[in-house]
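Trainee: Predicted model and sequence below, questions to follow.
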Amino acid sequence: MSGVRCRFAPAPSGSLHVGNARTALFSWLWARHHDGTFILRVEDTDASRVTEEGFRGVLEDLRWLGLDWDEGPEAGGDHGPYRQSERLAIYREMVERLLADGSAYRCYCTPEELEQRRAEAQGRGEPPGYDGRCRTLTDAERAAFASQARTSVVRFAMPEHEWIVHDLVKGEVRWAAADLRDFVLQRSDGSPVFLLAVAVDDMLMDVTHVVRGDDLLASAPRNIAVIEALGGTPPAYAHLPQVLGPDRKPLSKRHGSTSVEAFRELGYLSEALVNYLALLGWSPGDDREILPREEMIWLFDLARVSSNPAAFDVEKLTWMNTQYVQQLEDDELAARSVHLFAQAGLGVDPALLRRAMPLVKERVHTIRDVVDLLRFLFSDDVVPNERAAALIEKAPEGYLKAAADPLDALSTWDAGAIATMLDDLATRAGLSRTKGWQPIRAAVTGSNVSPPLPESMELLGKERSVARIRAVAR
RNA sequence: GGUCCCAUCGUCUAGGGGCCUAGGACACCACCCUCUCAAGGUGGAGACACGGGUUCGAAUCCCGUUGGGACUACCA
């Protein structure tokens, strides 16, 4: 194991958004590429948004995606605890240290005062942010405020010099001293603010590389400043551009399915999602797109991550999923679709399902399609859909009736014999193969679309097939 | 408003001064294959936001404009 330590630090608010999933993936890939350590840390200091269920959702998604963590909840590690809600004492201690050496100070300004000054500053076109007035309070002034029963927060005294962050994907980013104001580390109720917690945790957990969304780019210099004030060594940062929706707005719920859980339920394979996500903002440099996990780990490089935002394209994800489904072994595909049949209220005969795989593998995009295509095999409650009904309706008078008996009389019930008979029937009725087979397909499967007909009938069995034809014959 | 980030086909991208009459993939169109639907095959249409520089030469470097986006909280 190398010294590289990456972390993924989600808020435990349920199933991961695909954007967050990509962040986790890139961080994981970087760790694995370097044979380093991947750490999962839960940012649950905002009690209002935290639920045990949300926490479970995050873990479940990561597991499903195959992003295993070496340290974190349920994995342990010697840099814990890994839930921020269990680290409150640590944050408090760090605040004391910063207060003690003057890196931070108590601020007695009230929210109202701050709001007013903010508005004024903006009116004058000055940079917003705290004006630092409590930074230079004398002991006497402090005592006076305290005696007025004014509450206070702890603010970080941002060192006044230019800040430069050498971001792994954005390059060198600079901020003038005036643009980085003193920010709150600890709320008046004593709880830590994100800016403090992240810095402290990254430092104490010996994180070497922070991979996160670029909405946090501006907090990097603050994170660095806090860590430096605490005497630690700041990690390297890699800020990933946003993942956008089709309308190029930041991806959100109103774009439909955006969570890992949603795609799982829609029948996407985790390998495909991971592969797709890996290519969202990163490319190996050549024309390859289907990248097995090991290959991905081997080739991944943060320096090759694009710095412009990428739109999430379900169509391409679906194409990729199709590729992965086709690569799946029959047993595997069958095993993975079982639960979706159950979800659809269909009991399946595993052996029959397994035998049907070669018929559907090349015609499904998601494993949910497997259910749609094979529903006729596991339910005798076949009600022809609208198009199927039309096909049956359009068939020549007596055609289906005439088909039932000879099929029933077949001595060998296999696809070859069935196909021969089907052609025979069509020819006798003066129909092309297409015209002749479609009504049969409609009767047997209840749909105008199905896996290859003779093979489907073979699997269904003579009795069930013939019964279905007779049921709609006239 | 201020600070910062971003800008190649509709989408994801390759490209880091001449190899670019800009390559690949998804989607789209046509044809082939074909029992439906797919899958597959072949071909096609489709982009360097704009304006200045730098240079013998710019998609590539610099500046500006425009357009997106993020941040600007006792949110994370």
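Mentor: Received, thanks. Numbers count the residues shown, from 1 in each chain, chains lettered A, B, ... in the order given.
Trainee: Could you use CA atoms for every contact and neighbour count after this?
Mentor: Will do.
Trainee: and the spatially closest residue to A:T37 that is not a sequence neighbour, what are its phi and psi?
Mentor: Once flanking residues are discounted, A:T37 sits nearest to A:R5: 4.7 Å by Cα to Cα, 6 or more residues apart in numbering. Note on A:R5: its backbone torsions stand at phi -130, psi 120 [degrees, to the nearest 10].
Trainee: Contact partners for A:R5?
Mentor: With contact set as Cα atoms under 8 Å, 6 or more residues apart in numbering, A:R5 has these partners: A:31, A:36-39, A:206-209.
Trainee: In strands, which of the residues you listed fall?
Mentor: In this view, those that belong to strands under DSSP state E are A:37-39, A:209.
Trainee: that older thread, switch the contacts of A:R5 over to CSV; also include distance to A:V198 and neighbour count.
Mentor: Shown next, in CSV, are the contacts of A:R5 (distance: Cα to Cα, whole Å; neighbours: other Cα atoms under 10 Å):
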residue, distance to A:V198, neighbour count
A:A31, 19, 26
A:G36, 20, 19
A:T37, 18, 22
A:F38, 16, 25
A:I39, 13, 27
A:D206, 12, 19
A:V207, 11, 21
A:T208, 13, 21
A:H209, 13, 20
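Trainee: now those residues in CSV, with distance to A:A272 and pLDDT?
Mentor: Converted to CSV, the contacts of A:R5 look like this (distance: Cα to Cα, whole Å; pLDDT from 0 to 100):
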residue, distance to A:A272, pLDDT
A:A31, 21, 97
A:G36, 24, 97
A:T37, 24, 97
A:F38, 22, 98
A:I39, 24, 98
A:D206, 32, 97
A:V207, 29, 97
A:T208, 29, 97
A:H209, 26, 97
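Trainee: Farthest pair within those?
Mentor: A:A31 and A:D206 (13.4 Å; Cα to Cα).
Trainee: which residues are in contact with stretch A:228-235?
Mentor: A:94, A:97-98, A:103, A:202-203, A:207-210, A:223-224, A:227.
Trainee: do that again at 6 Å, thanks
Mentor: A:208-209, A:224, A:227 (Cα atoms under 6 Å, 6 or more residues apart in numbering).
Trainee: Most widely separated two among those?
Mentor: Taking Cα to Cα as the measure, the contacts of stretch A:228-235 span a maximum distance of 13.9 Å, between A:H209 and A:I227.
Trainee: where does chain A have low pLDDT?
Mentor: A:1, A:47-49 (pLDDT under 70).
Trainee: The longest helix seen in it vs RNA strand B: in contact?
Mentor: Longest helix of chain A, by residue count under DSSP state H: helix A:18-33. No: between helix A:18-33 and RNA strand B, judged by Cα under 7 Å from any atom of the strand, nothing touches; the nearest distance is 11.2 Å.
Trainee: got the contact list for that helix?
Mentor: By Cα under 6 Å, 6+ apart, helix A:18-33 touches A:6, A:8, A:37-38, A:211-212, A:243, A:258-260, A:277, A:297-298.
Trainee: Could you do stretch A:295-310 as well?
Mentor: A:29, A:33, A:168-169, A:241-244, A:281-282.
Trainee: What is the burial count for A:D405?
Mentor: 13 (other Cα atoms under 10 Å).
Trainee: To clarify, my last question referred to A:D131.
Mentor: The burial count for A:D131: 14, using other Cα under 10 Å.
Trainee: again with A:R135
Mentor: Counted with other Cα under 10 Å, A:R135 comes out at 17.
Trainee: could you measure it against A:E112, distance?
Mentor: 18 Å (Cα to Cα, to the nearest Å).
Trainee: just A:R7 next, same as before
Mentor: On the measure of Cα to Cα, A:R7 and A:E112 end up 37 Å apart.
Trainee: next one: A:P241
Mentor: 35 Å.
Trainee: When the two are compared, which one has more neighbours?
Mentor: A:P241 (23 against 9).
Trainee: Which residues are in contact with that one?
Mentor: Per Cα under 6 Å, 6+ apart, neighbours of A:P241: A:214, A:307-309.
Trainee: likewise A:H239?
Mentor: A:211-214.
Trainee: one more time with 10 Å, if that's ok
Mentor: A:23, A:167-171, A:210-217, A:220, A:302, A:305, A:307 (Cα atoms under 10 Å, 6 or more residues apart in numbering).
Trainee: ok, the ones in strands among the contacts of A:R5 vs RNA strand B, which is closest?
Mentor: The closest of those to RNA strand B turns out to be A:I39 (Cα to the nearest atom of the strand; 16.1 Å).
Trainee: residues in contact with that closest one?
Mentor: A:I39 sits in contact with A:5-9, A:27-28, A:31, A:68-73, A:75-77, A:79, A:82, A:205, A:207, where contact means Cα under 10 Å, 6+ apart.
Trainee: hang on, the earlier thing: so which of the contacts of stretch A:295-310 sit within helices?
Mentor: Those of the contacts of stretch A:295-310 lying in helices (DSSP H): A:29, A:33.
Trainee: Quick one: distance of stretch A:68-81 to the chain centre.
Mentor: Averaging C-alpha positions (Cα atoms, centre = their mean, to the nearest Å) puts stretch A:68-81 21 Å from its chain's average.
Trainee: Can you list which of the contacts of helix A:18-33 are found in strands?
Mentor: A:6, A:8, A:37-38, A:211-212, A:243.
Trainee: which one of those has the most neighbours?
Mentor: A:C6 (30 neighbours).
Trainee: now that one: how far from A:P235?
Mentor: Taken as Cα to Cα, the span from A:C6 to A:P235 is 9 Å.
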